[in-house]
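>>> Quick one, fold the following:
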Amino acid sequence: MIEDNIEKKSNQHQSSDNQNLSEYKQLENMLNHRIEFGKIISSISANFIKLKPEEIDNGLNQALKTIGKFSDVDRSYVFLFREDKIIADNTHEWCAKGIKPQIQKLKGVIIDRELPFFTKKLRDLDVLYVPNVDDLPEEAALDKEHFQLQNIQSLIAVPMVYEDSLIGFMGFDSVKKLRTWSEEDVELLKIVSDMFANAIKRKEMENQLYESEEKYRSLYSSMNEGLSLHEIVYDGKGNPVDYIILDVNPAYEKITGISRETAIGSLASELYGSEDPPYLEIYAEVISTGKSRQFEIYFPPLDKHFNISTFTPKPRHFATVFNDITEQKKIEKELRESRDFNSSLLENTPYPITVIDADKTITYVNPAFEKLT
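Modelled structure (predicted):
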């Protein structure tokens, strides 16, 4: 009897030890998993920082592949909303071996209509975690049907948010088996989601900047007017004393006869060979007041007449847009001289002359005509 009790207690201790060992191993595995997951995310983050805009799409696909393999899922993906925030496109995807890609089928999806339960969660900026698609509630019937058509057993979707605005979501599907995610995993996925959102927006903004610069450069290069950018030079007392030419367009070269290489980086007083920087007071006033100016001048160093518009794009800087109006001024002078000559003929001719308009009204009589009356 005593021996039986001793053996029973021994078995109980052995069972308890085995349980404790199992729990310890389980905890150790969880910690190792989280450490490895953290290392992967750190590596992805470090890589994203170095990516050029044109490399970001490939970087996202590689990150989806790395996380998908590590997490033992069958499909990982990114959806991005269009500007209307209603239609979304599957833009990036990774699939495990034997899993059929869905990316080409999932373009122009009206998410709210196709997946109402799913979308409400996302629009509330909540993570949608579905350990078992079969257990989805009745209000998620449409979502459930959609997931089952893709043979999805488990999934998790994390909203991608940029400046408090939902721009898309990142998801992971398990097709071959049920898959659970710990709270720690979900928090790490949120970090990845933020990284993705920042990378996508950085690419978008840099592309927009590039397109804007290209449009500006195209206009800058093709316009007929001369364009030059300058920076004012001040003395120690803050008084404007000169200005530097920062950039010029092709029309500037054509109109002035000064090459871009010669102009850029030069002081205006030296470039134009004038004792004082041309029209410095006007340009300094434009910078100090922020108000644009337009004026016509004759510029002796180039023996040309110009119509100049000037404005300030930022502090200490001004831009000039100008036309060569030398020919126009020449024609105006010739017309004035012609009028003066004709007027002199009319005034001095001994023959009486009258000018009558279309209404048969006399508008002019010369001195010879006046003598007759």
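
>>> for this protein, what spans make up the helices?
2-50, 56-70, 111-114, 116-123, 141-149, 183-222, 250-256, 260-263, 268-271, 280-289, 326-348, 367-372 (DSSP state H).

>>> how much space between Ser338 and Leu345?
Distance of Ser338 to Leu345, computed by Cβ to Cβ, to the nearest Å: 11 Å. From N, CA and C alone the C-beta is placed, and that goes for glycine too.

>>> I should have written Leu189 there, sorry.
Leu189 is 94 Å from Leu345, by Cβ to Cβ.

>>> Please identify which of the two sits among more neighbours.
Leu189 (23 against 11; other Cβ atoms under 10 Å).

>>> so what's the more buried one up against?
Contacts for Leu189 were tallied using Cβ atoms under 8 Å, 6 or more residues apart in numbering; they are Val127, Ile156, Val158, Met170, Phe172, Trp181.

>>> try 10 Å
37, 41, 67, 71, 127, 129, 156-158, 170-172, 181 (Cβ atoms under 10 Å, 6 or more residues apart in numbering).

>>> And for Ala284?
Ile232, Tyr234, Asn239, Pro240, Val241, Tyr243, Pro277, Phe318.

>>> change it to 7 Å
Ile232, Pro240 (Cβ atoms under 7 Å, 6 or more residues apart in numbering).

>>> Quick check: pLDDT value at it.
Looking at Ala284, its pLDDT stands at 95.

>>> Also the one 4 residues further on?
Confidence per residue is given as pLDDT, and for Ser288 that number is 93.

>>> Next one: it from Pro313, what distance?
15 Å.

>>> more crowded one of the two?
Ser288 (12 against 8).

>>> I figured Thr320 hits Tyr243, correct?
No. Using Cβ atoms under 7 Å, Thr320 is not in contact with Tyr243; the gap is 10.2 Å.

>>> more crowded one of those two?
Neighbour count, other Cβ under 10 Å: between Thr320 and Tyr243, Tyr243 has more, with 27 against 24.

>>> Just grab the bridge partners of the residue lying closest to the more buried one once chain neighbours are set aside for me.
Nearest non-adjacent residue to Tyr243, counting by Cβ to Cβ, 6 or more residues apart in numbering: His230, 4.5 Å away. His230 forms beta bridges with Ile245, Phe318, as assigned by DSSP bridges.

>>> ok, His230 - how many residues close by?
Neighbour tally, His230, other Cβ under 10 Å: 23.

>>> show me the contacts for it.
Tyr243, Ile244, Ile245, Leu246, His317, Phe318.

>>> The nearest residue in space to the second one that is not next to it in sequence: how many residues sit nearby?
Spelled out, it's Ile244. Leaving aside its chain neighbours, Ile244 sits nearest to Glu231 (5.0 Å; criterion: Cβ to Cβ, 6+ apart). For Glu231, the neighbour count with other Cβ under 10 Å is 15.
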